[in-house]
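Chemist: based on what follows, work out the 3D shape:
(one chain, ligands or ions: 2)
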Amino acid sequence: DPIIRIQGVHKNYGALRALDNVSLDVARGEKVVIIGPSGSGKSTLLRSMNRLETIDGGSIIVDGLDVNDRSNNINAIRQELGMVFQSFNLFPHKTVLENLTMAPMRLKRVPKHEAEQTAMELLTKVGIPNKAGVYPAMLSGGQQQRVAIARALAMKPKIMLFDEPTSALDPEMIGEVLDVMVTLAREGMTMVVVTHEMGFAREVADRVVFMDAGRILEIGTPEHFFQSP
Ligand code: ADP
Ligand code: ADP
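Modeler: Numbers count the residues shown, from 1 in each chain. Ligands and ions are numbered 1, 2, ... in the order given. Coordinates of the predicted model:
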């Protein structure tokens, strides 16, 4: 069974068709990269997967649960989907460690010592174990985004969604964030990534999805999209 099953999804903003009959299955462990011009619906599709947007038609099933069925607990579904945004969205008045421990302690009732141990392991994994005690404003954009990835991972999601995770970064910081994502991919995480980083797509994607004007126009392997030299 696919871990994500998207079937015939429609989403309108007034008269605008942001998603027009979109269907896509994502297998467990698969890495799907979504590309396409600005305004083509990539972000709307990603945000629909954890119901940050509600859809107007079709269905989205995540790990067997219908995201839009009101009788399903949306918080349980969201805990399976870690999400990383273009703007890092860290809590500015919390330390890095607190940013990582807050949700597991509150939403999953993980004991503090355990949440902190997991947080330290994740900060080590993303290469900034020495930043646990500082506030987000003290960090570079690349470091903040690595904290945002670690924070999403702290909930132990089955799937990671990335919405243009490097688009707000200075060029010299893009590599350090992509490196973390490549590591995650190699560990077997299921990933859906909206990005303009074609090198990442070529290296990591099992499949590339090309969207335009709210539709999926093409799905193929990286080899199909990016001719080898
Ligand atoms: P992409 O991620 O490919 O840039 P989006 O999913 O952000 O595209 O947007 C798809 C279309 O929907 C765009 O035309 C955008 O302006 C529009 N849109 C997105 N969010 C909203 C909203 N909250 N209200 C109205 N229009 C929106
Ligand atoms: P991103 O490309 O990271 O989604 P945007 O600047 O396109 O960032 O969108 C930021 C927010 O504004 C999102 O919540 C999106 O839904 C909303 N938005 C995008 N386009 C429109 C629009 N045309 N009208 C109203 N809201 C929009």
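
Chemist: measure the residue positioned nearest the centre of the chain to Thr44 for me?
Modeler: Most central in the chain under CA atoms, centre = their mean is Leu161, positioned 1.6 Å from the mean C-alpha point. According to CB to CB, to the nearest Å, Leu161 and Thr44 sit 12 Å apart. The way it works is simple: take the backbone N, C-alpha and C, and place the C-beta from them, glycine included.

Chemist: returning to that earlier point: skipping adjacent residues, who's closest to the residue nearest to the centre of the chain in space?
Modeler: Computed as CB to CB, 6 or more residues apart in numbering, the closest residue to Leu161 that is not its neighbour in sequence is Met83, at 4.6 Å.

Chemist: helices of this protein, start to end?
Modeler: With DSSP state H as the criterion, the chain has helices at 42-49, 74-80, 96-107, 112-125, 141-153, 171-186, 198-204, 222-225.

Chemist: and these, which is most packed in?
Modeler: Looking across the helices of the chain with neighbours counted as mean count of other CB atoms under 10 Å, the highest average goes to helix 141-153: a mean of 24.

Chemist: and that helix, what does it pack onto?
Modeler: When contacts are defined as 3 or more CB pairs under 8 Å, 6 or more residues apart in numbering; DSSP states H and E, helix 141-153 packs onto strand 81-84, helix 96-107, helix 112-125, strand 159-163, helix 171-186.

Chemist: what's the closest of these to Tyr13?
Modeler: Nearest to Tyr13 among those is strand 159-163 (17.2 Å), distances taken as CB to CB.

Chemist: which positions in the protein make contact with ligand 2?
Modeler: Applying CB under 6 Å from any ligand atom, we find that the chain lies next to ligand 2 at 43, 86, 163-164.

Chemist: related to what we said a few turns ago, is the residue nearest to Leu161 in contact with Met155, as I believe?
Modeler: No: in this structure, Met83 is not within contact of Met155 by CB atoms under 8 Å, at 10.0 Å.

Chemist: state the pLDDT value of the residue nearest to Leu161.
Modeler: Per-residue pLDDT puts Met83 at 97.

Chemist: show me what the closest residue in space to Met189 that isn't next to it in sequence is bridged to.
Modeler: Nearest residue to Met189, sequence neighbours excluded (CB to CB, 6+ apart): Met160, at 5.5 Å. Note on Met160: beta-bridge partners by DSSP bridges are Gly82, Met191.

Chemist: identify the residues contacting Met160.
Modeler: Met160 sits next to 81-84, 149, 152-153, 184, 189-192 when contact means CB atoms under 8 Å, 6 or more residues apart in numbering.

Chemist: looking at the residues of the chain next to ligand 2, spot the one nearest ligand 1.
Modeler: Ser43 (3.0 Å; CB to the nearest ligand atom).

Chemist: what residues does the protein have near ligand 1?
Modeler: Counting by CB under 6 Å from any ligand atom, the residues of the chain close to ligand 1 are 13, 16, 18, 36, 38-44.

Chemist: take those and keep only those in strands.
Modeler: Using DSSP state E, the subset of the residues of the chain next to ligand 1 located in strands is 13, 16, 18.
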